[in-house]
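Predicted model, plus sequence, below.
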Amino acid sequence: MSSPPRPPSTASRGVRRSARGLCELAPFVAVLAWSAPGRAEDTSVSARRAVAAREQGRPHTVVEVGTGILALPAAEVCPTSLNACSTGEISWGIGIRNLYQFGPFGVGAGVIWATTLRNDDARGKEELEREHARRYFNVEGIFRYSFVQTKEAEGWIGGTLGLVMVLDEWTVKRDREPLNSVRLVGPESLVIGTEGFSTTVAAGGSWFFADSFSLGGMLRYGNWILPFEPETSPVGDVASLSGRVDVFDLTLNLAYRLSL
């Protein structure tokens, strides 16, 4: 007499399940294996297109992010009153620029934010501990001409024309160190905004350390044309800058290029 069939062991059932699971996953594995080289190829094609556009003078876009020092060496800065002025100002700034480049020429626009590296004591009652700080905001149109263009480096000259805003802010100790976390309705400080025109001439260069990326720097000299009569607040504070102001800007840039 033949013995009845024995039920499959737990081990054999596990092997069968694993084999069935592998068979079900096989199509997905095949799709991933096929698509991965395609993604790598797309990335390399994009990089090659960016390099070819730059080297052959075809139109492409450039996005720059930079940070550096903004200096006003000869400016008469009057943070407390027109009778208490100092000469010179140094600020730290960051900027972003977007350019359309075709051959040796580039046009675009940029934005710069900067803040003073010092806080001045402002006039007022001693127990208020009033302080003054200053910020800058500049929007500009950009023109560049690249007089040197190689595979490894680029050198250019150019200029900008735009608008600048100087924000003077006065605070008291209670503005900076609130006694509780409750926020009251209304401004937390006294602010005066001064608007004017800006124009600069610039020179700079870049080193291409990757297909689409470059590291570079620029030096700019310019003028801010602000109102010659500074604005005064109701409590007697005055805008700290007025008239024509000389500006120097030394910036380190990181750029990314994308072909069109």
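Done, it's in.

going forward, measure contacts between C-alpha atoms and count neighbours the same way
Will do.

what bridges to F213?
On the basis of DSSP bridges, F213 takes part in beta bridges with Y256.

And for W207?
For W207, the beta-bridge assignment (DSSP bridges) gives partners A153, L215.

T171 now?
T171 has these beta-bridge partners by DSSP bridges: E131.

So it sits against E177, correct?
No. Distance between T171 and E177: 10.4 Å, which falls outside the contact criterion (C-alpha atoms under 8 Å).

which element follows the helix or strand of the chain with the lowest mean pLDDT toward the C-terminus?
Taking mean pLDDT, DSSP states H and E as the measure, the chain has helix 10-56 as its least confident helix or strand, at a mean of 48. Using DSSP states H and E, the next helix or strand after helix 10-56 towards the C-terminus is strand 60-81.

Tell me the buried residues in that next one?
Neighbour-count burial for strand 60-81, with 16 or more other C-alpha atoms under 10 Å as criterion, is recorded at 60-72, 75-81.

overlap in contacts of T171 and E177?
Where contact means C-alpha atoms under 8 Å, 6 or more residues apart in numbering, no residue is in contact with each of T171 and E177.

Name the residue in those two with the higher neighbour count.
When neighbours are counted by other C-alpha atoms under 10 Å, T171 comes out ahead of the other of T171 and E177, with 19 against 9.

Quick check: closest non-adjacent residue to K173.
Spatial nearest neighbour of K173, excluding adjacent residues (C-alpha to C-alpha, 6 or more residues apart in numbering): E129 at 5.4 Å.

So the one you found sits against W170, correct?
No. The criterion here is C-alpha under 8 Å, and E129 misses it with W170 at 10.3 Å.

Have a look at those two and say which one is more surrounded.
In this comparison of E129 against W170, neighbours counted by other C-alpha under 10 Å, the higher total goes to W170 at 23 against 14.

What pLDDT does the model give the more buried one?
The model reports W170 with a pLDDT of 84.

I'd say it and R176 touch.
No. Assessed by C-alpha under 8 Å, W170 is found out of contact with R176, at 10.6 Å.

what sits against L190?
Under the criterion of C-alpha under 8 Å, 6+ apart, the contact list for L190 reads 169-171.

Check T251 too.
66-69, 217-219.

Which residue, other than its chain neighbours, is closest to V107?
Counting by C-alpha to C-alpha, 6+ apart, V107 lies nearest to F143, which is 4.7 Å off, once chain neighbours are set aside.

Run through the bridge partners of that neighbour.
Applying DSSP bridges to F143 gives these bridge partners: V107, G159.

In this structure it contacts G108, no?
Yes. In this structure F143 lies within contact range of G108 using C-alpha under 8 Å: 6.8 Å.

average pLDDT for stretch 118-137?
What stretch 118-137 shows for mean pLDDT is 77.

repeat for stretch 251-260
Taken as a whole, stretch 251-260 has a mean pLDDT of 88.

residues of it that come out buried?
251-259.

Just the element for D175, please.
helix 173-176.

who touches that helix?
128-130, 188-189.

Generate a ChimeraX selection restricted to the buried subset of the residues you listed.
Here is the ChimeraX command that selects the buried residues among these (16+ other C-alpha under 10 Å):
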select :130
